[in-house]
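Peer 1: Test case, fold it:
(one chain, ligands or ions: 1)
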Amino acid sequence: MQHKSTRGKVQNLSFEETVMMGLADDGGLLLPESIPQVKDYLQEWSRYSFSELSLAIMLQFLEEEIAHDDLKKLIQQSYASFDHPEVAPVVSIGTLSILELFHGPTYAFKDVALQFLGNLFEYFLQKRERYLTVLGATSGDTGSAAIYGLRGKKNVHVFMLHPSGRVSPIQELQMTTVLDDNIYNLAVEGTFDDAQAIVKALFNDLQFKQKYCLGAVNSINWARILAQIVYYFYAYFRVQPECQDSVIFSVPTGNFGDVLAGYYAKKMGLPIEQLIVATNQNDILHRFFTNGQYHKKQVIASWSPSMDIQISSNFERFLYYLADEQPEKLCSWMQTFQETGKLDIQGSALKVAQAEFGSVAVSEEETIAIIREYKDKYQYILDPHTAVGVRAAQQYSAKNPVICLATAHPAKFAQAVKTATGEEPFLPPALSSLQKQESRCRVVAASVDAVRKEIVHALG
Ligand SMILES: *Cc1c(COP(=O)(O)O)cnc(C)c1O
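Peer 2: Next up, the predicted model:
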């Protein structure tokens, strides 16, 4: 299968080229040139384990590009790090089904994609005898999932910047207790924005970028979306084992990567009645699906920080389909948004968008109230991101079964849980033992030169 950019100037890329390029060279997002149709396989796939299903779905997209046995190994290796035999179990709570995506090494759903992406990077780099230096800035969650995805991988070094003293203690420990030789944690004496500005500056230093083969593992990498498509199928089969009827998915949403994977699953032929985009008070997507106005606003800090976004970096992929796969049309939309911070979609295109996606914006009070309600009624503790999805689901009819994606373990967001229930959530042993473990981190000044020096010193 070939891949192309939403902006039309990059085409005919293999899967490997797509994964290694990340963001398309023309500034667009990469996607497959066609979408495999799999309706005829549903009955058979419904009995597959998570890893078997991953293999079957990825083969549809990759065809012969990675040898069958190699791909199978990459997948098995990726999900062996999960602490649940099913990888992504579905539990029934009240009238809802909850797809638990937090059984990976960092207890958040990003592990599902990043464990796979880490193995894929290593596989491609070793094959070509190439090296990669992953450089990133994190305010918490993504950094630890990337570090766990890449720790110990050959031909890859990781420099992860976080704002010193400004990430939660658990998140900091999750990153700094990883002692593998290829992982470098840098605590920047500044804010997250300072850290991100330093990363940007180093990527813009083309000589430096080339010398050290700088790369990123951000949420727009196509391989991450591909890996996430799998659990929509897996969850569907748990709820509809005979493939008899369609379902609704409710998805806590920030950068639109997770729910976009659901959109692809639907396009492939999985019977999904609707996808609910659940946002917190940072509701640019909810406003879009309500009245067609995609207008940028300031970010407001919330109980669900991993969804605190100004714009959604993956949304361009959906807009591309909304623009009837015409790059010129998409480019003019993106240019308007770039220049004015506003994009307005009306008429038939808006109707199409609304037919695919429902949306709900959930307030801070509602988030806390639903965590309390689930604790009281069902003794089930929701993390604040999952809570947003569960609250949104309540607004939709129970005509079809509703599956809510649980994106983080509640122990990672103890303050919200304590505010809602009066008690700290149960801390899994792997998290509670972090405090006793050795950690390693270098504190650096918030300057481009200080970070550049660290990289040069480490890699020579
Ligand atoms: C990243 C994240 C989300 C949002 O996912 P997107 O793909 O960015 O929409 C939701 N919940 C948690 C816990 C996350 O880490």
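
Peer 1: got a list of what residue 411 touches?
Peer 2: Shown in contact with residue 411 (Cβ atoms under 8 Å, 6 or more residues apart in numbering): 107, 170, 425, 426, 427, 428, 431. C-beta coordinates here come from the backbone N, C-alpha and C atoms, glycine included.

Peer 1: For it, what are phi and psi?
Peer 2: Main-chain dihedrals, residue 411, degrees, to the nearest 10: phi -60, psi -20.

Peer 1: ok, now how distant is it from the ligand?
Peer 2: Distance, residue 411 to the ligand, by Cβ to the nearest ligand atom, to the nearest Å: 12 Å.

Peer 1: Show me which residues of the protein sit near the ligand.
Peer 2: 108, 110, 141, 219, 252-258, 306-307, 385, 407-408 (Cβ under 6 Å from any ligand atom).

Peer 1: 8 Å instead?
Peer 2: Within reach of the ligand by Cβ under 8 Å from any ligand atom, the chain has these residues: 102, 108-110, 141-142, 145, 219, 228, 251-260, 304, 306-307, 309, 312-314, 383, 385-386, 407-408, 412.

Peer 1: which one of the contacts of residue 411 is nearest the ligand?
Peer 2: residue 107 (9.2 Å; Cβ to the nearest ligand atom).

Peer 1: for the record, mean pLDDT for stretch 64-79?
Peer 2: Mean pLDDT, stretch 64-79: 96.

Peer 1: Same question for stretch 236-252.
Peer 2: 97.

Peer 1: in it, what's buried?
Peer 2: Residues 236, 237, 238, 239, 240, 246, 247, 248, 249, 250, 251, 252 are the ones in stretch 236-252 that count as buried (16 or more other Cβ atoms under 10 Å).

Peer 1: mind putting the residues you listed in TSV, distance to residue 38 included?
Peer 2: Listed next are those as TSV, based on distance: Cβ to Cβ, whole Å:
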residue	distance to residue 38
236	12
237	13
238	18
239	18
240	15
246	15
247	16
248	20
249	17
250	23
251	21
252	26
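
Peer 1: from the residues you listed, which single one is nearest the ligand?
Peer 2: residue 252 (4.5 Å).

Peer 1: returning to that earlier point: narrow the buried residues of stretch 236-252 to those in strands?
Peer 2: 247, 248, 249, 250, 251, 252 (DSSP state E).

Peer 1: and these as a markdown table, adding distance to residue 205?
Peer 2: A markdown table is the format used below for these (distance: Cβ to Cβ, whole Å):
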| residue | distance to residue 205 |
| --- | --- |
| 247 | 48 |
| 248 | 47 |
| 249 | 42 |
| 250 | 43 |
| 251 | 37 |
| 252 | 36 |
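
Peer 1: which residues touch the nearest residue to residue 15 once chain neighbours are set aside?
Peer 2: Excluding its sequence neighbours, the residue lying closest to residue 15 (Cβ to Cβ, 6 or more residues apart in numbering) is residue 65, at 4.9 Å. Contact analysis of residue 65 by Cβ under 8 Å, 6+ apart lists 1, 14, 15, 16.

Peer 1: how about 7 Å then?
Peer 2: Counting by Cβ atoms under 7 Å, 6 or more residues apart in numbering, residue 65 makes contact with 14, 15, 16.

Peer 1: which of those residues tops the neighbour count?
Peer 2: When the contacts of residue 65 are compared by neighbour count (other Cβ atoms under 10 Å), residue 15 ends up highest, at 23 neighbours.

Peer 1: So that residue is in contact with residue 62, correct?
Peer 2: Yes. The pair residue 15 and residue 62 passes the contact test of Cβ atoms under 7 Å, sitting 5.4 Å apart.

Peer 1: okay, and the common contacts of those two?
Peer 2: What both residue 15 and residue 62 touch, as defined by Cβ under 7 Å, 6+ apart, is the set residue 1.

Peer 1: quick one: the helix or strand containing residue 375 to chain centroid distance?
Peer 2: Using DSSP states H and E, residue 375 maps to helix 364-378. Centre-to-centre, helix 364-378 and its host chain are 25 Å apart (Cα atoms, centre = their mean, to the nearest Å).

Peer 1: Using CSV, write down the CA coordinates of that helix.
Peer 2: Taking Å, rounded to 0.1, in the frame of the first residue of the first chain, the C-alpha atoms of helix 364-378 are listed here in CSV:
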residue,chain,number,x,y,z
GLU,A,364,-15.1,20.4,35.3
GLU,A,365,-18.0,19.9,37.8
GLU,A,366,-19.5,17.2,35.6
THR,A,367,-16.2,15.4,35.4
ILE,A,368,-15.8,15.2,39.2
ALA,A,369,-19.5,14.4,39.7
ILE,A,370,-19.3,11.4,37.3
ILE,A,371,-16.2,10.0,39.0
ARG,A,372,-18.2,10.2,42.3
GLU,A,373,-21.3,8.6,40.8
TYR,A,374,-19.4,5.6,39.4
LYS,A,375,-17.6,5.1,42.7
ASP,A,376,-20.9,5.2,44.6
LYS,A,377,-23.0,3.1,42.2
TYR,A,378,-20.5,0.6,40.9
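
Peer 1: Flag every buried residue along the helix or strand that that helix is followed by.
Peer 2: Note on helix 364-378: by DSSP H and E, the next helix or strand toward the C-terminus is helix 384-393. For helix 384-393, the neighbour count (16+ other Cβ under 10 Å) marks 384, 385, 386, 387, 388, 389, 390, 391, 392, 393 as buried.

Peer 1: residue contacts, the third one?
Peer 2: Taking Cβ under 7 Å, 6+ apart as the contact definition, residue 386 lies against 252, 404, 406, 407, 408.

Peer 1: Now the phi/psi pair for the residue nearest to residue 15, please.
Peer 2: Torsion angles at residue 65 (phi, psi; degrees, to the nearest 10) stand at phi -70, psi -40.

Peer 1: Tell me the spacing between it and residue 52.
Peer 2: 19 Å (Cβ to Cβ, to the nearest Å).

Peer 1: same question, residue 340
Peer 2: For residue 340 relative to residue 52 (Cβ to Cβ), the value is 48 Å.

Peer 1: More neighbours: which of these two?
Peer 2: residue 52 (15 against 11).
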